[in-house]
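Engineer: Show me the folded form of this:
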Amino acid sequence: MNRATHLDPRQWQVGLVGYGEVGRILAEDLRAQGVTVATYDLKLGGTHAEPLQRHAGLHGVTLAASHVDLAAQADMIVSAVTASQAEPVAAAVAPAIRPGAWFLDFNSASPGAKQRAAAMVDGAGGRYVEGAVMTSIPPYRIRVPLLLGGAAAAELSPLLATLGFAPQVASDQFGVASATKMCRSVMIKGLEAMVIESFTAARHYGVEDALIASLAETFPAIDWEKQGAYFFQRVIEHGRRRSEEVREVAETVREAGLTPWSAAGTAERQAFVADLADTGVFGAKGQPGFARSADWRVEADRLLAHAATQTQHPEAKP
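Structural biologist: Now for the predicted structure:
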């Protein structure tokens, strides 16, 4: 019997591949409903395992020993990893996936990557559904707007809704949902990078107040002080994941036959900030002040202070 088809979704065993910010939020919200949850993350075997293990223990999440161990028990697998790992995860899970088990790909990957991952999972007897998360997850949590794609998307959608998700079927074809997400990210992630570049340069020249006043006149609906602080915070804290996502965005643009000048530049800016965050330019992670300043100027000054130490190559990777 295909458990994933015949069971009430609240009786499923859900396997989360990836136990980062997204995975932990989903785990918390699923466990709050009594859903059985297990997880596997490469970091569980490394030096940063202790916080993940503590979180899993607190919320009653089982730690799987491997991709295969997780897949062998799951009625639905949710892949929530960095963009570059979307296809490798599908390849690692496919050999052990239960016949008819669902595979929900939460990752920000190009349409081509989603199509290749689908071929691996469906070819092994699973049921792949692409998911495109359409905005930042933390404010919405499990109810984040989620576009679904693939032949099985319409069947999975009401089951996900039972679990508290907010799904909407975009297409029965793979790639449509992810193309929508990726094209949106050209704008959203690009705006993050542009704000950091524009605001930091304006800070250097002492024209930041004039810049913000001009932006407010042109786009009066946006609180540019608040938005600037938010963009700096998110990129400092999540720039590594964002840069990988935007590289997939660039690949999406290439798949359309265009040269991704904007997306490629955005990926570099996001990665540059992530590199500086890793070296402690913005303060030690987890300590007061790390990506938590209410004033974006604090972080811009740190960027400028770093740039001043780079005599020949002001933005050389640290």
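Engineer: quick one: the strands in the stretch 151-300 of the chain?
Structural biologist: Remark: strands assigned in the stretch 151-300 of the chain by DSSP state E, counting those that start in this stretch are 166-171.
Engineer: how is this protein carved up into domains?
Structural biologist: Per automatic domain parsing, the structural domains of the chain span 3-174, 182-309.
Engineer: In a markdown table: the ones you listed, plus mean neighbour count.
Structural biologist: All C-beta atoms are positioned from the backbone trio N, CA, C, and that covers glycine. Shown next, in a markdown table, are the domains of the chain (neighbours: other C-beta atoms under 10 Å):
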| stretch | mean neighbour count |
| --- | --- |
| domain 3-174 | 20 |
| domain 182-309 | 18 |
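Engineer: The closest residue to residue 104 other than its chain neighbours bridge partners, please.
Structural biologist: Nearest residue to residue 104, sequence neighbours excluded (C-beta to C-beta, 6 or more residues apart in numbering): residue 78, at 4.8 Å. Beta bridges link residue 78 to residue 16, residue 104 when assigned by DSSP bridges.
Engineer: picking up where we left off before, and the domains of the chain, which one averages the lowest pLDDT?
Structural biologist: Ranked by mean pLDDT, those end with domain 182-309 in last place, scoring a mean of 90.
Engineer: now it, how far from the centre of its chain.
Structural biologist: 16 Å (C-alpha atoms, centre = their mean, to the nearest Å).
Engineer: Could you tell me the end-to-end distance of that domain?
Structural biologist: 36 Å (C-alpha to C-alpha, to the nearest Å).
Engineer: could you dump stretch 159-171 to PDB, C-alpha only?
Structural biologist: The C-alpha coordinates for stretch 159-171 follow below in PDB (Å, rounded to 0.1, in the frame of the first residue of the first chain):
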ATOM      1  CA  LEU A 159      -2.600  17.500   1.400                       C
ATOM      2  CA  LEU A 160      -0.100  20.200   2.100                       C
ATOM      3  CA  ALA A 161      -2.900  22.600   3.100                       C
ATOM      4  CA  THR A 162      -4.000  20.000   5.700                       C
ATOM      5  CA  LEU A 163      -0.500  20.300   7.200                       C
ATOM      6  CA  GLY A 164      -0.800  24.100   7.300                       C
ATOM      7  CA  PHE A 165       1.100  25.000   4.200                       C
ATOM      8  CA  ALA A 166      -0.300  27.700   1.800                       C
ATOM      9  CA  PRO A 167       0.100  26.100  -1.600                       C
ATOM     10  CA  GLN A 168      -1.000  27.200  -5.000                       C
ATOM     11  CA  VAL A 169      -0.600  25.100  -8.100                       C
ATOM     12  CA  ALA A 170       1.200  27.100 -10.800                       C
ATOM     13  CA  SER A 171       1.400  24.500 -13.500                       C
END
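Engineer: Report the distance from that stretch to the chain centre.
Structural biologist: Put simply, stretch 159-171 sits 18 Å off its chain's centre (C-alpha atoms, centre = their mean).
Engineer: I figured residue 105 hits residue 128, correct?
Structural biologist: Yes: between residue 105 and residue 128 there is a contact under C-beta atoms under 8 Å: 6.7 Å.
Engineer: what residues are shared contacts of these two?
Structural biologist: Here residue 105 and residue 128 have 90, 117-118 as joint contacts, going by C-beta atoms under 8 Å, 6 or more residues apart in numbering.
Engineer: ok, of those residues, which one's closest to residue 225?
Structural biologist: Set against residue 225, the nearest of the shared contacts of residue 105 and residue 128 by C-beta to C-beta is residue 117 (40.7 Å).
Engineer: Give the closest residue to residue 200 in space, chain neighbours not counted.
Structural biologist: residue 300 is the one closest to residue 200 (C-beta to C-beta, 6+ apart), at 4.3 Å.
Engineer: Report the contact partners of that neighbour.
Structural biologist: By C-beta under 8 Å, 6+ apart, the neighbours of residue 300 are 196, 199-200, 203, 208, 232.
Engineer: for residue 67, same thing?
Structural biologist: By C-beta under 8 Å, 6+ apart, the neighbours of residue 67 are 17, 40, 89, 92-93, 96.
Engineer: rerun at 7 Å
Structural biologist: By C-beta atoms under 7 Å, 6 or more residues apart in numbering, the residues touching residue 67 are 17, 40, 92-93.
Engineer: ok, now how distant is the closest residue to it other than its chain neighbours from residue 125?
Structural biologist: Nearest non-adjacent residue to residue 67, counting by C-beta to C-beta, 6+ apart: residue 92, 3.9 Å away. The gap separating residue 92 from residue 125 is 15 Å, by C-beta to C-beta, to the nearest Å.
Engineer: tell me which strands and helices the single longest helix found in the chain is in contact with?
Structural biologist: Longest helix of the chain, by residue count under DSSP state H: helix 224-255. Helix 224-255 makes packing contacts with helix 111-123, helix 176-205, helix 208-218, helix 261-278, helix 296-309 when contacts are defined by 3 or more C-beta pairs under 7 Å, 6 or more residues apart in numbering; DSSP states H and E.
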